[in-house]
Structure formats: structure tokens, C-alpha cells
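# sharing a sequence plus its predicted fold:
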Amino acid sequence: MGQAASTLDFRERARRRLPHFLFEYIDGGSYAETTLRRNAADLEKVMLRQRVLRDIGTIDPSATLFGQRMALPLALAPIGLAGMNARRGEVQAARAAATAGVPFCLSTVSACPIDEVARASERPFWFQLYMIRDRGFMKDLIQQAKAARCSALVFTVDMPVPGSRYRDYRSGLAGSAGRAGALRRMWQAARRPHWAWDVGVRGRPHQLGNIAPLLGDSTGLEDFFAWMRGNFDPTVTWRDLDFIRQNWDGPLIIKGILDADDAREAAELGADGIVVSNHGGRQLDGVPSTAMALPPIAAAVGDRLAVMVDGGVRTGLDVVRMLALGARGVMLGRAWAFALAADGEAGVARMLALVEAEMRVAMALTGCTDLTKITPDILVR
């Protein structure tokens, strides 16, 4: 694959390479996908002030977040089942992120377990945690993250129950139980011979490494979705942050904040950061886009914690837009998932290089030589 014309090109390559059910899982949202579309559409509407005759001889897009120096103000967001997009996919993505000097965040429901990613990565990575009914198992996961030298814990709070993702039912990923569902997915995989050989055969074992002890011999995709429905804890409240803090003493980032009052609550309870997120439009449809939700949240918490954001970010220009709206950092989700599916580790590395190049151009043309100059002042109101 030659140099991609843009980060957006990876999506089409991923569509051609992945079995239909996996592509739809990455690409889809919940209900009618209104929020999924708004995330990108509202961000595209954000206009920047082009400035001229500024000394832009040196552009520095680096950042420091949670005590960690980063080449770019972004991290690869946690994505469930990402290891099925390429052979041992989370390992490949973590290596690409380490080489680029940005954090990689491993999902609780990843294909590759924490220790496998730790052995492969030369840079500490982040670990994402859901609130699970079995607190003993959660405590064990946190201990594994500590042992793997994970540098931050990302606690996802916007998924007490899974959203209604109808594409997953139509594609056969969810809802097609037993032999019929397995045969349907096998047929789709057979139509993608490169994936079938490289991932389906050479990428084994196919299990959710971090929760494999709980699943036992039940390793099918329908078993995974049944486990999610039965084991994610819908009774979780702000008080449960005490449990996290008792077991984790590093940076704590709360992901899934979409309301200014919730952001204030997170700050008051001592979180080090939040991620303004609607789960990529995959949970409650009809909520605001993250580009719309971000400014009032950033204003509400000020400098009390670090505000990150995800949702609709596909390019380096989008990263600059989010920083101008009030974020200190950005999480990329679908962008790296599509790049991984398109070309593995090399695809993720190329995507990150493109994002950096796009950021540098956008910073130069707005007269911002470093991230401190990317403020709401560069927005066209």
C-alpha cells in the first residue's frame, strides 16, 4: 500500500478486508445512528481563523498529559475486539503507538491480554476498565495492569448496559446464537480469504484474553455478548470510585462524560482526567455530539483536571479543532481501528504520521507554533 491520500481512506480498505460483521461492528452506532453522524458533522462545521505573516518556522505538536510526555496530544482509544481486525491486533497497534510516542489504551474486552501487550510494547500503555459485578475479578484486572506498568487507568462509565446497535444484529455479530450464527459469520469470513488465513487461522487463540477466565470454554461471540449483558454492573454510582481508588494509585481518567454537572462531580471526587465521549455514538442515540458538549464541560472544570475528548475525530485538522474547543488531548477510535484492519501495524503508523502532518499544517496556518496557542481565540464565532 502506498501513502494514503488521507486518514479517511483507511475506512474503505478496511471494508474490503474485514468480514462484514466485523466492519459493521467498528463502523456502526446505536439506534438510528443520529449521534454517530453528528459527531463528524458538527466537528466539520467548526471553523478556524486563518492567520498570516506569523513566524511559523518551528511547529511543536507535543504535549504532557498525566505526567507523560507525548509526541502528539492524542491516544489510541480502547476498542473492544480490536485484536480481530488484524493478527493479534492490539499488539500491533500498541507497537505502532509506542514508536510514534503516543499512548495506546487497551480495552477490557480485547483479544490480546494485558501481559501479551506488555511484552510487545516498549512504552507503558493505558488500560481501560468497565465496572463489572465481580469486584474480585476487577481487583485482579487492576493488579494485572499494575504489573504490566500501565501508566493510566481509563474507567469507562457510559456503558452500564450495552446500547441498541442494530447493525450488529443485521450482520450476524449479535443475536444469531448457536450454530446458525457461527455458520453465518464463517461464510462472511470465507469471502475475505486474506483475513481468514492471517487472522482466522494464524491469529489464534480467538478469545477475549482479559476476561477468558470468566468465560471458560464459552468463547463464541454470542457468549461474549451474553457475558456483557449479565456482568456489566448497572448499579454503579459515583461512590464506586472509592473502590477504584483503593486499588489504583496512578492517574485515573473517567471516560464517558457528556454533561457539565457530571464533569464537576468527577473533578470533586479527584479524577485526574475525563474523556468527553458519547461512546462514538454507540450508546444513547440523540445525545449531543462531543464537539457540542466539549466547550461547556471544559469551562465547568477549568484546570481542575485534564479534559480529553473523542468522537468524530478522523484527521489532524479534527484534532486541532477539538483542542480549540477546549480539550487538552484527543482519543482516536475508529481512525486507528480502520488503519489496523487496512494494513496492520504499518497502517496504524501511517495513520499517526498523517495525523501529525495534518496537525502541523493546521497549526501553521492558524499561527499556532505550539499547543498553548491553540485556544478558543482561533475559532471563527
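Perfect, I can see it now.
# so what's residue 237 up against?
Residue 237 makes no contacts at all, as judged by Cβ atoms under 8 Å, 6 or more residues apart in numbering. C-beta coordinates here come from the backbone N, C-alpha and C atoms, glycine included.
# now it: how far from residue 368?
From residue 237 across to residue 368, the span is 40 Å (Cβ to Cβ, to the nearest Å).
# ok, for residue 285, nearest residue in space, not its chain neighbours?
Spatially, and ignoring its direct neighbours in sequence, residue 285 is nearest to residue 31 (3.6 Å; Cβ to Cβ, 6 or more residues apart in numbering).
# and for residue 320?
Nearest residue to residue 320 in three dimensions, chain neighbours excluded: residue 362, at 4.3 Å (Cβ to Cβ, 6+ apart).
# what distance do you get for that neighbour to residue 268?
Going from residue 362 to residue 268 by Cβ to Cβ gives 35 Å.
# can you give me the end-to-end distance of stretch 121-135?
Criterion Cα to Cα, to the nearest Å; first-to-last residue distance in stretch 121-135 is 28 Å.
# quick check: buried residues in that stretch?
Across stretch 121-135, burial judged by 16 or more other Cβ atoms under 10 Å covers 121, 123, 124, 125, 126, 127, 128, 129, 130, 131, 132.
# TSV for the residues you listed, including secondary structure and distance to residue 148?
Formatted as TSV, these follow (DSSP: H, G, I helix; E, B strand; the rest coil; distance: Cβ to Cβ, whole Å):
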residue	secondary structure	distance to residue 148
121	coil	9
123	coil	12
124	coil	8
125	coil	8
126	strand	11
127	strand	8
128	strand	13
129	strand	13
130	strand	18
131	coil	20
132	strand	18
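# in TSV: those, plus pLDDT and distance to residue 310.
Output for those, formatted as TSV (pLDDT from 0 to 100; distance: Cβ to Cβ, whole Å):
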residue	pLDDT	distance to residue 310
121	91	21
123	92	20
124	94	20
125	97	17
126	98	13
127	98	17
128	97	12
129	95	17
130	92	16
131	87	19
132	87	22
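# tell me which of those is nearest to residue 59?
Nearest to residue 59 among these is residue 123, at 23.2 Å by Cβ to Cβ.
# what's the closest non-adjacent residue to the closest one?
residue 98 (3.6 Å).
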